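A.B. asks: starting from these lines, generate the structure:
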Amino acid sequence: MSSITEYDKDELVPPQWLNNAFFEQVLQPQSSKGKIKITNITIEPATEKGEHYASVMYRANVTFTLPADCDAAPRQQSKSLIVKALPELRGEKQRLLQDSKLFETEIGIYTEVVPRLEEALQLAGECVQFGASCLYNTLRPLKVLVFEDLTELGYEIVRMRALTVNEIKAAYRKLAKWHAASYKLAKERPEICHKYRHSFMTIPYIVNSSFISSGIKNFIDMLGSVPTLAAYKPYFLKLQPDWAAKCRATYTEYFLNHQQQTYYGICHGDLLANNLMFKHNRVTGELADVLLVDYQLAYVGPLVNDLIYAFYMLYTAEQRANNREELLQYYFESFMQALKRLGCSVEALSFECFQEQLKRQKTLALFLLLSFLPIRYALSAGLLDRDHMMATDEERSELYYNKNYMAELHNILPMYLHFGYLQ
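C.D. replies: Here you go, the predicted structure:
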């Protein structure tokens with residue numbers, strides 16, 4: 001194992017339940033009457049420090065012997081597995097997650113939704129894999145998922161650099177297929193979608209914290225102290241009343257305020273670079289595939305919400321300034337192609353209509369601008385520990401004066417004023 005400073009502190013010591021008995025249960029062949037025997041286990045953190053937040057993750061290399069009645073397979077085998085669980089170390093992360101439905105959501109997505117989406121596309125003539133194979137899951141006595149290790153299949157997270165425009169396009173191409181298939185699912189099987197009403201905005205820790213309301217207050221205070229941004233302060237003062245309720249409404253719209261001419265489906269909910277795994281051709285180095293991972297924040301809502309989230313959490317500042325239209329157009333064309341392949345009607349959907357749907361979700365765009373983007377700048381600069389990013393209003397208020405964040409506001413706020421987002 002590398003230096004402990006490369007990993008999150010709550011993943012340095014594997015939990016005691018991660019033992020032979022657990023992996024025997026995970027790897028036991030269902031068709032066998034005999035039992036497998038674990039001969040060796042090595043466990044280490046599955047990701048580097050700060051690469052995920054809503055769980056702890058371990059990579060387990062397990063060597064085992066299959067029962068004698070498994071004639072079709074070699075007796076001696078080894079597998080690399082990814083184990084995802086709730087953190088046991090007390091702290092902000094545990095408090096955030098303890099009463100949430102994140103694991104229930106992700107288990108449902110992997111066991112119920114993903115197979116249906118992949119099957120719909122396969123029947124339409126396209127073989128698509130969206131994520132890792134989920135090998136085991138349980139909610140009691142512990143909340144745990146076990147996946148195949150995608151690194152063994154040649155997939156990697158992009159580290160130490162931002163994603164290129166072509167990599168974002170590849171992610172958007174896969175996302176568009178997910179969106180199209182989930183739109184079809186929402187139309188044909190709405191009872192399935194009703195299970196996925198939980199989102200980031202329904203996590204009790206978030207609902208009961210001042211994270212949302214303090215975000216707009218801190219933002220307004222910063223605007224008033226920067227002469228070149230002060231003209232925007234009145235717009236946000238008008239938005240401030242009931243701001244938290246307005247933000248939650250962008251996530252609950254499908255269930256509480258269903259709109260016409262809106263494409264609803266299952267949003268990924270957390271389209272970060274860390275939640276994408278890329279596979280490159282070993283010979284040419286060309287990008288071969290990308291998978292979407294981590295569905296804990298998935299929810300049913302306006303599909304454009306994922307694109308608004310990606311604009312702030314996936315793009316660089318330069319890409320936000322120079323590539324917004326190009327990337328949106330690319331996604332839209334990919335989405336249209338996927339809808340047509342699935343046999344969905346697309347007559348009512350034009351790029352202009354799509355842009356109107358984006359504009360109608362302006363509250364989400366502003367929420368991410370003034371609550372998430374300053375945190376992203378602080379994390380990337382190493383100025384904030386991910387475990388404490390939501391800890392106190394005082395800590396968060398300092399983030400709004402990051403020079404790079406304020407510089408970008410001089411580009412984004414005029415754009416939003418022009419689009420009518422501040423009305």
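A.B. asks: what's downstream of the helix or strand containing Lys184, the next helix or strand?
C.D. replies: Taking DSSP states H and E as the definition, Lys184 sits inside helix 165-188. Beyond helix 165-188 in the direction of the C-terminus, DSSP H and E gives the next helix or strand as helix 190-193.
A.B. asks: where do the helices sit along the stretch 1-150 of the chain?
C.D. replies: 20-27, 92-97, 102-108, 114-123 (DSSP state H, counting those that start in this stretch).
A.B. asks: which of those comes out lowest on mean pLDDT?
C.D. replies: If you rank the helices of the stretch 1-150 of the chain by mean pLDDT, helix 92-97 sits at the bottom with a mean of 66.
A.B. asks: list the buried ones in the helix holding Lys184?
C.D. replies: Using 16 or more other C-beta atoms under 10 Å as the test for burial, helix 165-188 gives 165, 167-186. Glycine gets a C-beta too; all of them are placed from N, C-alpha and C.
A.B. asks: what helices or strands is that helix leaning on?
C.D. replies: Contact here means 3 or more C-beta pairs under 8 Å, 6 or more residues apart in numbering; DSSP states H and E; on that basis helix 165-188 packs against helix 114-123, helix 190-193, strand 264-267, strand 276-280, strand 287-292, helix 304-313, helix 324-341.
A.B. asks: most distant residue from the centre of the chain?
C.D. replies: Going by C-alpha atoms, centre = their mean, the residue of the chain most distant from its centre is Ala68, 41.9 Å out.
A.B. asks: is it in contact with Lys33, as I believe?
C.D. replies: No - applying C-beta atoms under 8 Å, one finds Ala68 not in contact with Lys33, separated by 9.7 Å.
A.B. asks: what average pLDDT does the helix holding Lys184 get?
C.D. replies: Helix 165-188 comes out at a mean pLDDT of 97.
A.B. asks: output the below-cut-off pLDDT ranges for the stretch 1-150 of the chain.
C.D. replies: 1-5, 7-11, 49-54, 72-74, 89-96 (pLDDT under 70).
A.B. asks: strands of that one, start to end?
C.D. replies: All strands of the stretch 1-150 of the chain, identified by DSSP state E, counting those that start in this stretch, fall at 37-45, 56-65, 76-85, 134-138, 144-148.
A.B. asks: possible to save those strands as a markdown table with distance to Phe278 and mean neighbour count?
C.D. replies: A markdown table is the format used below for the strands of the stretch 1-150 of the chain (distance: least, C-beta to C-beta, whole Å; neighbours: other C-beta atoms under 10 Å):
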| stretch | distance to Phe278 | mean neighbour count |
| --- | --- | --- |
| strand 37-45 | 21 | 15 |
| strand 56-65 | 18 | 19 |
| strand 76-85 | 17 | 18 |
| strand 134-138 | 20 | 17 |
| strand 144-148 | 17 | 21 |
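A.B. asks: kindly reformat these as CSV containing distance to Glu395.
C.D. replies: Converted to CSV, the strands of the stretch 1-150 of the chain look like this (distance: least, C-beta to C-beta, whole Å):
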stretch, distance to Glu395
strand 37-45, 26
strand 56-65, 23
strand 76-85, 28
strand 134-138, 35
strand 144-148, 31
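A.B. asks: out of these, flag the one nearest Cys344.
C.D. replies: strand 134-138 (27.2 Å; C-beta to C-beta).
A.B. asks: per-residue pLDDT, the residue nearest the centre of the chain?
C.D. replies: The structure's the chain has its C-alpha centroid closest to Asp270; by C-alpha atoms, centre = their mean the separation is 2.3 Å. Looking at Asp270, its pLDDT stands at 95.
A.B. asks: give me the nearest residue to it, chain neighbours excluded.
C.D. replies: Once flanking residues are discounted, Asp270 sits nearest to Leu297: 4.3 Å by C-beta to C-beta, 6 or more residues apart in numbering.
A.B. asks: likewise Leu366?
C.D. replies: Tyr421 (6.5 Å).
A.B. asks: burial measure for that neighbour, as a count.
C.D. replies: Using other C-beta atoms under 10 Å, Tyr421 has 20 neighbouring residues.
A.B. asks: who's in contact with it?
C.D. replies: Lys359, Lys362, Ala365, Leu366 (C-beta atoms under 8 Å, 6 or more residues apart in numbering).
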